Every structure is written in C-alpha cells, then in structure tokens.
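A.B. asks: Sharing a model that was predicted from the sequence below.
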Number of protein chains: 2
Amino acid sequence: MQPDPPKPTEAELEILTVLWSRGPATVRDIHEVIASRKPTQYTTVLKQLQIMAEKGLVNRDDTERSHIYEASRPMVWTQSQLAGDLLHRAFKGSARELMMGALSAQKTSKRELAELRRMLDQYEKEMP
Amino acid sequence: MQPDPPKPTEAELEILTVLWSRGPATVRDIHEVIASRKPTQYTTVLKQLQIMAEKGLVNRDDTERSHIYEASRPMVWTQSQLAGDLLHRAFKGSARELMMGALSAQKTSKRELAELRRMLDQYEKEMP
DNA sequence: AAGATACTACGATGAACATCGTACGTCAAG
DNA sequence: CTTGACGTACGATGTTCATCGTAGTATCTT
C-alpha cells in the first residue's frame, strides 16, 4: 500500500465497485457479478485483476488456490480522487459548478436534497 | 448539432475549456493557450480539432482561410454529461456521495460553501 | 488412475488516444 | 516570379485499454 495507485479506468472501476460492496472476493465471485450485467469472459476479469494488482489498485492473497482480491483503497478514498480529478479538469475547481452539473444530470429527490443539505451542515460545522 | 456528441476525452476537454472561455477561435489561438501550459505541437492541436469536428464536439467555420472552431455544446451541458457519468459510474447515482468526494478532495472556502448552500436553496425552490 | 473441472498465466489482438512529421496549397512581400 | 510564412490534410507511430484464446497446472470425482 505504498505509492498511491493511479486513477482506475472504466473497467477497473466496475470491478472495484464489486469489491467494495462484497468485500474480498475471488475472480469467480467478481466475474459472476460482472457477467450478470454484460457478457464478459472469465479470463477477461482475471486479466484485469492481475493488471490491477500490478498497479496497486487491489491486493492479492494467493495463499489459497483461488486467489482472493480486495480493493487496496477504501471506496471513499477513490471517490475523492475521482471527484477531485473531474473537479479540476472540467469545473475549474468549483464545487458549486460540479454540484450543479450533478443535479441537472438527473432528477434528485427531495429526500436526497435534504440529505445533501444536512451533509453540508455537518461539514461546515467541522470547519471554523 | 444533431446527435449528442460522445463524452470528450482528456485532451479534448482541455481544448473545449479554451473554447468555452475564449469563444470561437482559430487553431493558432487555441494552440497558444495549450502550449503555454505544456509543450505541444501546433499540428497536434490541429489534428485534435479535426477529430473533434468529426465527432461533433466542435463546429468548424471554414469560409475563411484560417478555420474557426467553436464548441458545439455549451459548457454547462457538457459538464452535466460528465458529472452524470461519474455520478453513475462511481457514486451509485448519489449526489450526496459525489459532493462528499468533491469536498474532501480539496479545501473548500467558507464562501464557496455558502454559495453552494444558496444554490441548493435556489434549486429546491424550483421543485415542488 | 483417468478424465473432467477449476484456476492462473500470458501472449495476441483490435480499438481508442495522443502526438508528431511530412506533404501540399495559398498568399503576401521582396 | 519566387520565396518564405502560414495554413490544412493526413499518414505513421507508440501507448493504453479491454477482451479473449490457449496453454499449463492443480484438484476433484468416479
């Protein structure tokens, strides 16, 4: 868990989401989830995981015959990387503009808006 | 301006940001801005713009000798695409989580937070 | 023990990206 | 008119991504 891993690609991110939701898993586990969404070969997922291990995106436990993979970084850490990256690339660093973009991209429920507001309160309170 | 253009790539997005801020511009104009940030050949920018025109990301006016390019979509439209894309790929569609990611990715000023809150108020008011 | 099953390793392939060099046309000086 | 500055067009190249097939090895089943 030394150097920060690079930003995950699209396919890599999809695998990471599986790992974040299921926890450590075998290639088979992950493949089942992925394949249920789009036709994908087992070895494709395997190869991805091997590459991801090289990049440091996942850690591999190969003590057992079926290797077990887990995300090397917690979900929120990676999310922060991705959000920050887009924030700078497309929104000049403006969190407000990013939020505008997100809200206009989909209908957001009143509940979600309320949660958002509450989160803001929380965040502001922890900063003098 | 028929079918929606695809999501811009990294290099394409950088060019678009120039077009959004300067308005319609020639290859030379754009190249000057880009090259001031990182060493880049003139023809590289030219080629990018030609490809972007094919993809429909920019419109080209070739009535003059120096062609004039402009973004085919307004900034906010593209921003919405990008935010929505990331929102679904990495945040399960949760605007709140995206906001968390963005805020934790950089220090956000009190002013920015206030603007954000005001923007939320505004947005909520327009939705019963 | 033999065959089927389950894994990993890895090379090959094709598409998308990003970058650049070269060719070629136009136009305004000199 | 010729030459140099400036412009577009486009092929070539190297890289990263994503996907898959094949080979080889270990394990299970009968």
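C.D. replies: Received the coordinates, thanks.
A.B. asks: going forward, measure contacts and count neighbours with C-alpha atoms only.
C.D. replies: Noted.
A.B. asks: Distance of A:G101 relative to A:L87?
C.D. replies: Separation of A:G101 from A:L87 (Cα to Cα, to the nearest Å): 11 Å.
A.B. asks: Comparing the two, which shows the higher neighbour count?
C.D. replies: The neighbour comparison of A:G101 against A:L87 (other Cα atoms under 10 Å in any protein chain shown) goes to A:L87, with 25 against 22.
A.B. asks: Correct me if wrong: that one contacts A:A95.
C.D. replies: Yes. The pair A:L87 / A:A95 is scored as a contact, 6.9 Å apart, by Cα atoms under 8 Å.
A.B. asks: residues shared between the contacts of those two?
C.D. replies: B:A102 (Cα atoms under 8 Å, 6 or more residues apart in numbering or on different chains).
A.B. asks: can you give me the strands in chain A?
C.D. replies: A:25-26, A:58-61, A:68-71 (DSSP state E).
A.B. asks: other SSEs contacting the second one?
C.D. replies: What that stands for is strand A:58-61. helix A:42-55, strand A:68-71 (3 or more Cα pairs under 8 Å, 6 or more residues apart in numbering or on different chains; DSSP states H and E).
A.B. asks: by contact count, what packs against the longest one?
C.D. replies: Contacting helix A:42-55 under the criterion 3+ Cα pairs under 8 Å, 6+ apart are the following elements: helix A:10-22, helix A:27-35, strand A:58-61.
A.B. asks: Please see if the shortest one touches DNA strand D.
C.D. replies: So that's strand A:58-61. No. Strand A:58-61 is not in contact with DNA strand D by Cα under 7 Å from any atom of the strand; minimum separation 14.3 Å.
A.B. asks: Reformat the strands of chain A into CSV and put mean neighbour count, mean pLDDT and distance to A:E14 next to each item.
C.D. replies: Below are the strands of chain A laid out as CSV (neighbours: other Cα atoms under 10 Å in any protein chain shown; pLDDT from 0 to 100; distance: least, Cα to Cα, whole Å):
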stretch, mean neighbour count, mean pLDDT, distance to A:E14
strand A:25-26, 19, 98, 14
strand A:58-61, 20, 98, 13
strand A:68-71, 21, 98, 12
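A.B. asks: where does chain A come near DNA strand C, residue by residue?
C.D. replies: Looking at DNA strand C, the residues of chain A close enough under Cα under 7 Å from any atom of the strand are A:T26, A:V27, A:R28, A:T43, A:T44, A:L46, A:K47, A:Q50, A:R65, A:S66, A:H67, A:I68.
A.B. asks: Give me the residues contacting stretch A:68-78.
C.D. replies: So stretch A:68-78 is contacted by A:1, A:7, A:16-17, A:19-20, A:23-27, A:49, A:56-62, B:101 (Cα under 8 Å, 6+ apart).
A.B. asks: does DNA strand D sit close to it?
C.D. replies: No. Taking Cα under 7 Å from any atom of the strand as the criterion, stretch A:68-78 and DNA strand D are apart, separated by no less than 15.0 Å.
A.B. asks: End to end on that stretch, go ahead and measure it.
C.D. replies: Using Cα to Cα, one end of stretch A:68-78 lies 20 Å from the other.
A.B. asks: what does chain A have sitting close to chain B?
C.D. replies: A:10, A:13-14, A:17, A:76-77, A:79-84, A:86-87, A:89-91, A:94-96, A:98-106, A:108, A:110, A:112-113, A:115-117, A:119-120, A:124 (Cα under 8 Å from any Cα of the partner chain).
A.B. asks: could you flag which of those residues are buried?
C.D. replies: Among the residues of chain A next to chain B, those buried by neighbour count (16 or more other Cα atoms under 10 Å in any protein chain shown) are A:13, A:17, A:76, A:79-84, A:86-87, A:90-91, A:94-96, A:98-106, A:108, A:113, A:116-117, A:119-120.
A.B. asks: Now, these that are in helices?
C.D. replies: Judged by DSSP state H, helices contain the following of those: A:13, A:17, A:76, A:79-84, A:86-87, A:90, A:95-96, A:98-105, A:113, A:116-117, A:119-120.
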